[in-house]
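> Could you work out the structure for the sequence below:
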Amino acid sequence: MRSYTYKDSGVDIIKADRLIERLKKDIQKTFNPLVLNPIGGFGSLTEIPSGLKHPVLVTSTDGVGTKLKIAFLTGKHDTVGIDLVAMSVNDILTLGAKPYFFLDYYACGKIDEDTYSQVIKGVCDGCMMADCALIGGETAEMPSFYNEGEYDLAGFVIGFVEKEKIIDGSNITEGDTIIGLPSSGLHSNGFSLVRKVFFDVHNININEIIEGLDLPLFEELLKPTKIYVRQVLNLMAQFNIKGMAHITGGGLPGNIKRIIPDGLKAKISIKQDNVPKIFHIIKDLGNIPQEDMFSTFNMGIGFVLIVENKEAQSIITTLNASGETGFLIGKIEKSIDKEKVTIEYM
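Okay, here's the model as predicted:
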């Protein structure tokens, strides 16, 4: 009788180990002095950052969602790792936390060496952008569990914030100003609707350059989520930031309402001219109601700051001086009902 090995079942442990070894240099480039042991141990050893009187650990986890389907269609996997990092580090940033450590989970039916390398190098790129170390993860090869050529990703971030400097929106008051930081595009939300409109309804070729876009469709869709860590930490060091929101699933209304105190509302005005073309194209092709667009997509605003009115213009000036951009998009007003966010689309 023939003998069978784990490799015969579809799991190649040696290949996975070989790939990690090949990528070690990229991974270790992300390390900071707080990392105490190399990749490959049973766990990751790190020090707590010094200089914090009352350090509070802040964590988050997220994925990339069905944006991965675009990567599968095109064979372009070098940006979704950046998305993976961005979705988590931007979330903990809203609490005033600096990300320090990141872990990833990669699951597939069969490891493809090129695909895997592209993804993990993208994760490393994202960690470099966010100034955090990729300290570990899990690669799970599960035959027959995923379709051929497909995989799933999850990311986990660990950050710290000084207890006295936690930002949670509780100090937001009437008259405060809302600043929007531009997105790089769709980021990583709404892709089920995106795929429905472009591919199911209109059968558009993913390589097509649609009127109004400067890039083939797949390149526009795969633009990585912007990582706001450096610019926002720089602003936090200079100004009194009262509240922040990462604009992901739920759009502007669904995310901003999470930080608005009872009795107040965010009154937002968005100019159509400031909304990137991709959102107009999706809306027109899908005949999507305006309310649905704003509750599904970021509409060109990827991150929001709520600040004292007297500091708003100085913040915009500081952003511009560093090569970034910010828009004054609204005010905090008293609310006469339970609605916490209103949007005027001009």
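> got the buried residues for stretch 335-346?
If you call a residue buried by 16 or more other C-beta atoms under 10 Å, then stretch 335-346 has these buried ones: 335, 340-341, 343. In short, each C-beta sits where N, CA and C put it, glycine included.
> Can you spell out the domain ranges of this structure, please?
Following automatic domain parsing, one gets these domains for the chain: 7-165, 177-345.
> Only C-alpha atoms, please: export the lowest-mean-pLDDT helix or strand in the chain in PDB.
Every helix and strand of the chain was ranked by mean pLDDT, DSSP states H and E. The lowest is helix 13-28, at a mean of 89. Once non-C-alpha atoms are left out, helix 13-28 reads as follows in PDB (Å, rounded to 0.1, in the frame of the first residue of the first chain):
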ATOM      1  CA  ILE A  13       5.300  23.100   4.900                       C
ATOM      2  CA  ILE A  14       8.800  23.300   3.300                       C
ATOM      3  CA  LYS A  15       7.600  25.700   0.600                       C
ATOM      4  CA  ALA A  16       6.000  28.000   3.300                       C
ATOM      5  CA  ASP A  17       9.200  28.000   5.400                       C
ATOM      6  CA  ARG A  18      11.300  28.700   2.300                       C
ATOM      7  CA  LEU A  19       9.200  31.700   1.400                       C
ATOM      8  CA  ILE A  20       9.300  33.200   4.900                       C
ATOM      9  CA  GLU A  21      13.100  32.800   4.800                       C
ATOM     10  CA  ARG A  22      13.300  34.500   1.500                       C
ATOM     11  CA  LEU A  23      11.200  37.400   2.700                       C
ATOM     12  CA  LYS A  24      13.000  37.800   6.100                       C
ATOM     13  CA  LYS A  25      15.100  40.800   4.900                       C
ATOM     14  CA  ASP A  26      11.900  42.700   3.800                       C
ATOM     15  CA  ILE A  27      10.200  41.900   7.100                       C
ATOM     16  CA  GLN A  28      13.200  42.800   9.300                       C
END
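> And that helix, what does it pack against?
When contacts are defined as 3 or more C-beta pairs under 8 Å, 6 or more residues apart in numbering; DSSP states H and E, helix 13-28 packs onto helix 113-130, strand 133-141.
> for those, which one sits closest to I306?
Nearest to I306, of all the helices and strands packed on helix 13-28, is helix 113-130, at 22.2 Å by C-beta to C-beta.
> ok, R230 - contacts?
Applying C-beta atoms under 8 Å, 6 or more residues apart in numbering to R230 gives the contacts 129-131.
> Could you identify the helix or strand that succeeds the helix or strand hosting it?
Here R230 sits within helix 229-236, counting by DSSP states H and E. Later in the chain than helix 229-236, the nearest helix or strand by DSSP H and E is strand 241-246.
> chain center to that following strand: distance?
Relative to its parent chain, strand 241-246 has a centroid offset of 15 Å by C-alpha atoms, centre = their mean, to the nearest Å.
> sorry, back to before: go through the least confident helix or strand of the chain and flag the buried ones.
Quick answer for helix 13-28 (16+ other C-beta under 10 Å): 15-16, 19-20, 23, 26-27.
> For F145, report the pLDDT, please.
With respect to pLDDT, F145 has a value of 94.
> what's near enough to touch the nearest residue to it once chain neighbours are set aside?
Among residues not flanking F145 along the chain, G109 sits closest, at 5.8 Å (C-beta to C-beta, 6 or more residues apart in numbering). Contact analysis of G109 by C-beta under 8 Å, 6+ apart lists 10, 141-148, 150.
> And G109, how far from P49?
G109 sits 39 Å away from P49, going by C-beta to C-beta, to the nearest Å.
> CSV please, covering the contacts of R230 and showing neighbour count and distance to I259.
Shown next, in CSV, are the contacts of R230 (neighbours: other C-beta atoms under 10 Å; distance: C-beta to C-beta, whole Å):
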residue, neighbour count, distance to I259
M129, 18, 24
A130, 26, 21
D131, 16, 24
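> of all the residues you listed, which comes closest to T325?
Each of the contacts of R230 was scored against T325 by C-beta to C-beta, and M129 proved nearest at 17.2 Å.
> Check whether the closest one really touches K226, as I assumed.
No: the criterion here is C-beta atoms under 8 Å, and M129 misses it with K226 at 9.1 Å.
> returning to that earlier point: quick one: which of the contacts of G109 has the most company?
With neighbours taken as other C-beta atoms under 10 Å, the top of those is E141, carrying 22 neighbours.
> so that residue makes contact with E113?
No: between E141 and E113 there is no contact under C-beta under 8 Å: 12.0 Å.
> which SS class is the residue nearest to T177 when sequence neighbours are not counted?
Nearest residue to T177, sequence neighbours excluded (C-beta to C-beta, 6+ apart): A312, at 3.9 Å. Recorded secondary structure, A312: helix (DSSP: H, G, I helix; E, B strand; the rest coil).
> Report the contact partners of A312.
With contacts taken as C-beta under 8 Å, 6+ apart, A312 has the following neighbours: 177, 179, 328.
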